[in-house]
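Enquirer: 3D, please:
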Amino acid sequence: MPGVDEKLLVPVEEVARTLSISRRSVWKGVRAGSVPQPVKVLGRTLWRRAELEKWVARGCPAQKGV
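Expert: Alright, predicted model coming up:
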């Protein structure tokens, strides 16, 4: 069974904690196109962990197409 750090999809609380920002700031970043877009899974809004890790590794660039 995957551990906490091995989850493929993470909720806004974990995104905020990882980026050291508030949940509200995560949502502002999504609307502004500066944070990767989440996905809907069974009624939940989640982020792909791998996508967030790649985004941070690239220096958190603005997202294209938003």
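Enquirer: for the longest strand along the chain, which strands pair with it and how are they oriented?
Expert: If you go by DSSP state E, the chain has its longest strand at strand 44-48. Using DSSP bridges, the strands paired with strand 44-48 are strand 9-10 (antiparallel), strand 39-41 (antiparallel).
Enquirer: just name the most buried of these.
Expert: Neighbour counts (mean count of other CB atoms under 10 Å) averaged over each of the strands paired with strand 44-48 peak at strand 9-10, with a mean of 17. Any C-beta I mention is one placed from the backbone N, CA and C, and that applies to glycine too.
Enquirer: residues of the following helix or strand past it that come out buried?
Expert: The helix or strand immediately downstream of strand 9-10 is helix 12-19, counting by DSSP states H and E. Within helix 12-19, the residues that count as buried by 16 or more other CB atoms under 10 Å are Val12, Glu14, Val15, Ala16, Leu19.
Enquirer: same list, those, but as JSON lines with pLDDT please.
Expert: Below are these laid out as JSON lines (pLDDT from 0 to 100):
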{"residue": "Val12", "pLDDT": "98"}
{"residue": "Glu14", "pLDDT": "96"}
{"residue": "Val15", "pLDDT": "97"}
{"residue": "Ala16", "pLDDT": "97"}
{"residue": "Leu19", "pLDDT": "94"}
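Enquirer: of those residues, which is the nearest to Arg44?
Expert: Val12 (9.9 Å; CB to CB).
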